[in-house]
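[1] The sequence and its predicted three-dimensional model are supplied below.
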Amino acid sequence: MRARLGAVLSVAALVAAVGPAHAEPTAAAVRTVASGQAVPWDIEFLPDGSGIFTERDTKRIKKITGTTVTTVHTVAEAVPGGEGGLLGLAVSPTFATDNTVYVYFTAASDNRIARVRLGGAVEPIVTGIPKARIHNGGGLEFGPDGYLWATTGDAGVTGNAQNVNSLGGKVLRFTTTGAPAPGNPFNSRVYTLGHRNPQGITWAGGRTYATEFGQNQTDELNWIQPGKNYGWPTCEGTCGDSRFVDPVKTWPTSQAGPTGIGFYKDALYLGAVTGRRVWKIPVSGTTLGTPVSLFTGYGRVRAVAPAPDGTLWIGTSNRDGRGTPAATDDRILSTDG
């Protein structure tokens with residue numbers, strides 16, 4: 001959740017949010033998997049261990065085998081613009097037999113989620129998610145329960161977040177046909193409400209966690225619980241209002257801009273585009289430790305993905321219009337954490 005709008009954060013709270021200094025991984029411990037890419041938004045892995053990722057602005061789904069990058073599909077229906085385009089990606093649990101992935105993308109009139117047989121048709125399964133040049137959300141993952149989970153932004157219309165009948169400003173949970181998942185709290189696809197612009201979603205210690213962009217003060221990591229209200233637009237950061245759920249971790253907006261998230265080696269790793277780093281949060285059961293700052297030399301970090309070979313992959317976002325790209329950007333990197 002979020003501090004009541006206009007509240008002043010204390011210096012002590014800011015220091016606690018930022019966390020202690022931590023030794024950076026050495027350059028030798030960070031390996032380049034791919035360079036010269038265009039805003040890799042989400043990274044996943046195929047059953048054979050190959051990486052697969054979306055590019056927001058080119059509308060392409062690309063595969064990485066070793067260090068060779070090939071385009072395996074172009075989502076022609078995607079309409080890039082601002083923060084929109086080809087966003088989240090989830091690999092079918094039966095990919096080995098159906099060659100299928102699921103994507104979250106911005107279309108001409110809305111954001112939508114579709115089933116894509118690589119090289120074949122794009123079949124929308126969820127439509128009508130509000131779109132804009134900002135706050136499109138875009139996270140998409142299969143949960144441990146076998147259902148698809150998506151994070152959606154309010155599309156710049158704050159009222160969407162509190163409207164349970166809107167798909168904007170929500171965490172959604174649904175089947176591979178787009179139907180509401182059994183047990184959802186509102187008998188719809190909506191799982192939680194009151195979000196501004198959530199993006200990454202993952203699981204650790206039996207809990208669901210999602211990252212969320214704040215407005216001017218506070219970015220968040222939220223513990224996602226069925227039917228709960230996370231307070232936007234009334235609250236930003238820790239609110240202390242019994243109607244809403246407070247975040248489990250917060251940062252000043254200058255230090256985070258939290259995007260992709262993954263659970264790796266007993267810690268949550270969060271990409272931070274505004275803070276230009278990765279935040280690592282140790283996890284012990286349901287207890288979260290103090291965030292530490294890592295990978296500060298790579299610019300805007302968006303995608304974070306634990307790989308099947310035991311490494312962690314990180315995707316930069318320096319060509320998204322808000323970064324300062326090097327000649328080799330954007331890059332996908334591999335590290336041991």
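    That came in fine, so what should we check first? Just so we're clear, the structure is a prediction, and the values are computed from it rather than from any experiment.
[2] by contact count, what packs against the helix or strand Gly315 falls within?
    Element membership of Gly315, judged by DSSP states H and E, is strand 312-316. Counting contacts by 3 or more Cβ pairs under 8 Å, 6 or more residues apart in numbering; DSSP states H and E, strand 312-316 packs against strand 40-45, strand 258-264, strand 267-272, strand 301-306, strand 332-335. (C-beta placed from N, C-alpha, C; glycine too.)
[3] I'd like these written out as a markdown table, with distance to Glu141, mean neighbour count and mean pLDDT added.
    Formatted as a markdown table, the helices and strands packed on strand 312-316 follow (distance: least, Cβ to Cβ, whole Å; neighbours: other Cβ atoms under 10 Å; pLDDT from 0 to 100):
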| stretch | distance to Glu141 | mean neighbour count | mean pLDDT |
| --- | --- | --- | --- |
| strand 40-45 | 9 | 26 | 99 |
| strand 258-264 | 10 | 25 | 99 |
| strand 267-272 | 14 | 27 | 99 |
| strand 301-306 | 10 | 26 | 99 |
| strand 332-335 | 18 | 20 | 98 |
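[4] Out of those, which gets nearest to Lys280?
    Taking Cβ to Cβ, strand 267-272 is the member of the helices and strands packed on strand 312-316 nearest to Lys280, at 5.1 Å.
[5] Show residues contacting whichever helix or strand comes after the closest one.
    Note on strand 267-272: by DSSP H and E, the next helix or strand toward the C-terminus is strand 277-284. Identification of contacts with strand 277-284 by Cβ atoms under 8 Å, 6 or more residues apart in numbering yields 19, 22, 204-205, 221, 249, 251, 256, 258, 263, 266-272, 288-296, 301, 304, 314, 337.
[6] picking up where we left off before, give the partner strands of the strand holding Gly315 in its sheet and their orientations.
    Partner strands and pairing direction for strand 312-316 (DSSP bridges) are strand 301-306 (antiparallel), strand 332-335 (antiparallel).
[7] Tabulate the ones you listed (TSV), appending distance to Ala78.
    Output for these, formatted as TSV (distance: least, Cβ to Cβ, whole Å):
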stretch	distance to Ala78
strand 301-306	17
strand 332-335	20
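[8] Could you point out which of the ones you listed sits nearest Thr68?
    The closest of those to Thr68 is strand 332-335. By Cβ to Cβ, the value is 12.4 Å.
[9] how long is stretch 167-179 from one end to the other?
    This stretch, stretch 167-179, spans 13 Å end to end (Cα to Cα, to the nearest Å).
[10] same thing with stretch 30-46?
    22 Å.
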